[in-house]
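[1] Sequence first, then the predicted structure, then my questions.
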Amino acid sequence: MVQTVLDSGRVSDLSAIRGVYLKAFRIMLLARLLEEKLASLYRAGKMHGGVFIGRGQEALSVSIGLSLREGDIFAPLIRDQAGRLAFGEPLLDAVRTYFGSVLGPMRGRDGNVHRGRPRQGLLPMISHLGAMIAVVNGALLARRLKGIQGTVGVASVGDGATSTGAFHEALNQAAVERLPLVLVIANNQYAYSTPNSRQFACASLLDRARGYGVEGHGVDGTDLIECLRVVGQAIARARAGHGPQMVVAELLRLCGHGEHDPADYVDPQLKNSRLGRDCLKVAEEFLLEHGWADATSLAEWREETQRTVEEAIAQVQREPTPDPFKESWVALSSRHLCETHEEEVPNPGADI
Ligand SMILES: Cc1ncc(C[n+]2csc(CCOP(=O)(O)OP(=O)(O)O)c2C)c(N)n1
């Protein structure tokens, strides 16, 4: 149902999009509240490792997850908690990885954002800077060789990736092979602290698409309806055989690169511009304006979602962490990862 509406481009028909929009909003809210909680635990010194959140990028991210189908491939970035949830990653996968639970998908042995479920097409991230594009290409080529048709792969990257060799080589390969790759670039105007002006000299990152013979689509990343429409159509075009697609979303990240980064380099003028809008607030205003929610339902959803987050964290805090004397400290092979994923993981929050 979600895909049908998004594929057909009927998102301008408001009655058709209502159900998808509400679902997207509730997932964005779950991602936001989970990450706010993780960030506050990090500041209280209660988290191991870094905490990287997607505040301000949830509308773009959720649109990816909701536009994909079972059987597709998704290589999320550190700002894609919303997209992961929308693609079907259980909330507990995130919480268990953050708290090092041995029941987590990486068995409590990997960095917070490096989790995945390869068997379900959710690829564990290697590096932030474009490394995953070639991995998605490889998975798509493998499917082609096996004669599997009709699936697509999304690689999510930041503007920082567009200046790396990995990005250019993989984009060129996808174009030459006409792979059903959708490259979603969240241009949050800074690569960590490096502004766009010190990073590329072209007018728009969409020029990168043109240069490689790839279709490009620009979108206001603060606007959920627009993200659902543009990301949905790019994915539908890749699925329909039109070759690789690039989506460039303009937005700001409303947080640091990680929670260790105060992001005081961000130009206040940008913060006060349209780019600095909070996509969750924009979506909330849209819901109220169209009578799809009222203040009471918004407050109830927030309360219910907060409870889901608190309960998941309380549950995981009671779970064991790996026993260093029993673990065999070899790298996790993909076979191992797939085996770990055999069992069903309960999924609080999945019914939203
Ligand atoms: C291969 C590689 N080189 C360098 C780094 C260090 N590094 C991490 S994030 C980053 C910049 C990221 O910019 P962007 O993708 O725009 O993400 P943002 O944090 O701005 O959202 C750099 C240089 C890395 N992780 N991997």
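    In hand now; what should we look at?

[2] use CA for all of it now, contacts and neighbours both
    Fine.

[3] Contacts only, for residue 134.
    Contact analysis of residue 134 by C-alpha atoms under 8 Å, 6 or more residues apart in numbering lists 166, 170.

[4] if we go to 10 Å?
    140, 155, 166-171, 173-174 (C-alpha atoms under 10 Å, 6 or more residues apart in numbering).

[5] tell me which of these is nearest to the ligand?
    residue 166 (8.6 Å; C-alpha to the nearest ligand atom).

[6] Mind checking what helix or strand follows the helix or strand containing that closest one in sequence?
    Assigned by DSSP states H and E, residue 166 belongs to helix 165-177. Note on helix 165-177: by DSSP H and E, the next helix or strand toward the C-terminus is strand 181-187.

[7] The most centrally placed residue in the chain - nearest residue in space that isn't next to it in sequence?
    In the chain, the residue lying closest to the centroid (C-alpha atoms, centre = their mean) is residue 80, at 2.4 Å. Nearest residue to residue 80 in three dimensions, chain neighbours excluded: residue 61, at 5.5 Å (C-alpha to C-alpha, 6 or more residues apart in numbering).

[8] mind listing what that neighbour touches?
    Contacts of residue 61 by C-alpha under 10 Å, 6+ apart are 24, 28, 54, 76-77, 79-87, 156, 184, 186, 221, 224, 227-228, 231.

[9] how close does the closest residue to residue 84 other than its chain neighbours get to residue 317?
    Counting by C-alpha to C-alpha, 6+ apart, residue 65 is the residue found nearest to residue 84 once chain neighbours are left out, at 6.3 Å. As judged by C-alpha to C-alpha, to the nearest Å, residue 65 and residue 317 stand 28 Å apart.

[10] who has more neighbours, these two?
    residue 65 (26 against 15; other C-alpha atoms under 10 Å).

[11] near the ligand, which residues of this protein show up?
    127-129, 157-161, 190-192, 257 (C-alpha under 6 Å from any ligand atom).

[12] hmm, back to that, the residue nearest to residue 80 should be in a strand, yeah?
    No: counting by DSSP: H, G, I helix; E, B strand; the rest coil, residue 61 is not part of a strand but helix.

[13] quick one: secondary structure of the residue of the stretch 251-352 of the chain found nearest the ligand?
    Among all residues of the stretch 251-352 of the chain, residue 257 sits closest to the ligand, at 4.1 Å; criterion: C-alpha to the nearest ligand atom. Under three-state DSSP, residue 257 falls in the coil class.

[14] and it, how many neighbours?
    Using other C-alpha under 10 Å, residue 257 has 20 neighbouring residues.
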